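1. quick one, what's the 3D model for this:
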Amino acid sequence: DLFIADGSYCISQRGDADEERVSLTWGMGDLGSDGYNFYVSGEYGRQGKLWARDRGYPYNTLDLQATCGATGSCMANHNWNGVTAEDGSFNGLFSIPGVTLLRPITTATGATGTGRFQFLNPGAGCREWKSITITAAQSTTSPLNTCEVDYQNAYIMLQPEIERMGLSTRFTANVGDNAQIYAMGQYFSTNTFASFTPLGFNGTTPPPGGTAFNMVLPVYICGTGIGTANAVGTGCDATNGRLNPYNPFAAAGQRAQVLLRNINPREVETNSKSLRGVFGIDGQFADGVRYQANFTASQVDLTRDENNYLIPQRLFDVAARGTFNFSNPAATPQDVWDYIQPQSSEVSTSKLWQLQGALSKDLMDLAGGPLQAAIGASYREESINAPSANGANLSAPFQRYLSINAVGTAGARNVKSGFFEVSAPVLE
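-> As a prediction, this is how the structure comes out:
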C-alpha cells in the first residue's frame with residue numbers, strides 16, 4: 001500500500017490573498033506480483049479574493065492625479081463625478097449609489113428632464129461618498145454640490161475567489177499474460193465568485209434590440225400601477241391613487257427624471273462540475289499483433305448565477321406603485337429588491353463520448369530497428385447546450401436584464417476518423 005499527503009499555504013506579504021492546497025493519494029496492488037493495482041487521489045485548493053482597496057496607490061483608486069510627469073503635468077481623476085485640478089474637467093454627471101438626484105420633466109410625454117438635477121433627500125447628502133463642489137461652467141446638469149465616487153476603491157476586485165476540488169481514480173488488472181484492462185474516473189468542481197460596480201437605474205438594454213431609457217417617476221402612484229418607460233399611462237390618477245411622495249414636482253403635475261445607482265454591486269458566481277470516465281484494454285495477440293481499444297465519456301455542467309442585475313420594466317413598476325424608497329434606497333423592503341433584480345441562473349452542459357481502437361505490428365527488422373505498421377479508427381459525438389441568460393425580446397425590450405450578455409449556443413456533431421502509420425528506421 002502507498003499513501004502520499006501534500007499541502008501548502010501561501011499568503012501575500014500584506015497578509016491577504018491567501019492560497020491553500022492539499023492533496024491525498026492512496027494506492028494498493030502490484031501488477032507484477034498481484035496482477036492489479038489501484039489508486040485514488042483527492043485534492044482541494046482555494047484562492048482568496050483580493051480587493052483593490054486592499055492595495056496601495058495607484059491600484060486602489062482611479063484618482064490618479066498624484067502621478068505626474070517630468071513636465072509637472074499629472075494624470076486625470078477618473079472617479080465618477082471627479083474633478084481634475086489641473087484643467088478643471090469634471091468627469092460627470094454619473095449616477096450615485098444610494099443617492100437620488102432628480103429634475104422635472106416639462107413635456108407631456110418625454111422622459112428627459114430640464115435644468116440641473118437636485119437631491120431628493122438633501123438632509124442625507126452624499127451618504128458614504130465624498131461631497132465636492134463644482135462650478136456652473138463645469139457641468140450644466142449636475143448639482144453644484146455633488147458626490148464623488150471612487151468606484152475602484154469601493155467595488156473592484158483585483159483577484160476573484162476560486163475554490164477547486166477533485167477526485168481521480170484508476171484500476172488496472174492483468175488479463176492473462178498478454179493483456180491489461182483499465183478503468184479511470186475523474187470528478188472536478190470549481191467555484192468562483194467575482195463582484196464589481198453596481199448598475200444605474202438608467203441605461204441601454206443589451207443587443208439585439210438595445211433600447212435606451214431613463215428612470216421616470218410618475219405624478220400619481222397606486223397599488224395597481226403598471227410602469228411605463230415615461231411614467232405616463234400607468235393606470236394611476238387622482239381617482240385611484242395619491243400624489244407621488246418621491247416626486248417633489250408632482251403637485252405641479254410634473255413627472256421627474258431620476259438619476260440613481262443601485263446600492264448592491266453586481267455579483268457573478270460560477271460552479272463548474274466535470275465528470276469523465278475511461279474504460280480500455282491493451283494487449284497482444286499470439287501472432288505479435290498489438291491492440292488497444294478504449295471508450296471515453298465526459299460531461300461538464302456550468303452553472304452561472306448573476307445577482308443584482310436590474311430589469312427596467314420592474315423598475316418602472318415599483319415607481320408606479322410607490323413601493324421603492326427613492327428617498328432612502330437602503331430602507332426599501334427586501335422583497336422589492338428581489339423583484340427588481342431577481343437572480344439570473346443558467347446551466348450550460350457539454351457532453352462527449354468517444355470510441356477508438358488501433359492495431360500495430362512489427363513487420364521486419366531494419367538497420368535502425370523494427371519496421372512497424374499501425375492502423376486505427378475513432379468515432380466521437382459531442383454536444384453543447386448553453387442557453388442565453390438574457391434572450392432577445394424585441395417586442396418588450398425592457399423585460400430583459402441590463403448588462404447581461406444575450407449570447408447563447410446549442411449544437412451537436414459527430415467526428416469519424418481513421419489513420420495508418422509506418423515507421424521505418426532505415427539507418428542505425
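2. in which helix or strand would I find the spatially closest residue to Ala179 that is not a sequence neighbour?
-> Nearest residue to Ala179 in three dimensions, chain neighbours excluded: Gly283, at 2.9 Å (CB to CB, 6 or more residues apart in numbering). Just so you know, the C-beta spots here come from the backbone N, C-alpha and C atoms, and that holds for glycine as well. Following DSSP states H and E, one finds Gly283 within strand 266-284.
3. before we move on, what about Thr296?
-> Per DSSP H and E: strand 290-307 holds Thr296.
4. now the strand holding Gly283 against strand 290-307, angle please.
-> 170 degrees (axes from the mean of the first three to the mean of the last three CA atoms, to 10 degrees).
5. in strand 266-284, which residues are buried?
-> Arg266, Val268, Glu269, Thr270, Ser272, Lys273, Ser274, Arg276, Val278, Gly280, Asp282, Gly283 (16 or more other CB atoms under 10 Å).
6. now the second one: how far from Phe279?
-> So the one you mean is Val268. Distance from Val268 to Phe279, counting by CB to CB, to the nearest Å: 37 Å.
7. check the third one too.
-> Taking CB to CB as the criterion, Glu269 is separated from Phe279 by 35 Å.
8. any low-confidence regions in the protein?
-> Applying pLDDT under 70 to the chain picks out no residues at all.
9. contacts only, for the spatially most central residue of it.
-> Central residue of the chain (CA atoms, centre = their mean): Val268, 4.2 Å from the mean position. Counting by CB atoms under 8 Å, 6 or more residues apart in numbering, Val268 touches Thr192, Phe193, Ala194, Ser195, Arg304, Asp305, Glu306, Asn307.
10. one more time with 7 Å
-> By CB atoms under 7 Å, 6 or more residues apart in numbering, the contact set of Val268 is Ala194, Arg304, Glu306.
11. the first one touches Tyr155, doesn't it?
-> No: with contact taken as CB atoms under 7 Å, Ala194 and Tyr155 are classed as non-touching, separated by 10.9 Å.
12. of the two, who's got more company?
-> For Ala194 versus Tyr155, neighbours defined as other CB atoms under 10 Å are more numerous around Tyr155 (18 against 15).
13. surely that one meets Phe196?
-> Yes: if you go by CB under 7 Å, Tyr155 and Phe196 touch, sitting 5.8 Å apart.
14. longest helix anywhere in this protein?
-> Determined from DSSP state H, the single longest helix within the chain is helix 312-321.
15. helices or strands up against that one?
-> helix 334-340 (3 or more CB pairs under 7 Å, 6 or more residues apart in numbering; DSSP states H and E).
16. if we can go back for a sec, dump the contacts of Val268 to TSV, plus distance to Phe249.
-> Shown next, in TSV, are these (distance: CB to CB, whole Å):
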residue	distance to Phe249
Ala194	40
Arg304	42
Glu306	35
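17. roughly how far out does the longest helix of the chain sit from the chain middle?
-> Relative to its parent chain, helix 312-321 has a centroid offset of 26 Å by CA atoms, centre = their mean, to the nearest Å.
18. how about that helix as PDB, C-alpha atoms only?
-> Written as PDB, here are the backbone C-alpha positions of helix 312-321 (Å, rounded to 0.1, in the frame of the first residue of the first chain):
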ATOM      1  CA  PRO A 312     -36.000  48.000 -16.400                       C
ATOM      2  CA  GLN A 313     -39.700  47.100 -16.600                       C
ATOM      3  CA  ARG A 314     -39.700  46.200 -13.000                       C
ATOM      4  CA  LEU A 315     -38.100  49.500 -12.100                       C
ATOM      5  CA  PHE A 316     -41.000  51.200 -13.900                       C
ATOM      6  CA  ASP A 317     -43.500  49.000 -12.000                       C
ATOM      7  CA  VAL A 318     -42.200  49.900  -8.500                       C
ATOM      8  CA  ALA A 319     -42.000  53.500  -9.400                       C
ATOM      9  CA  ALA A 320     -45.700  53.400 -10.500                       C
ATOM     10  CA  ARG A 321     -46.700  51.600  -7.300                       C
END
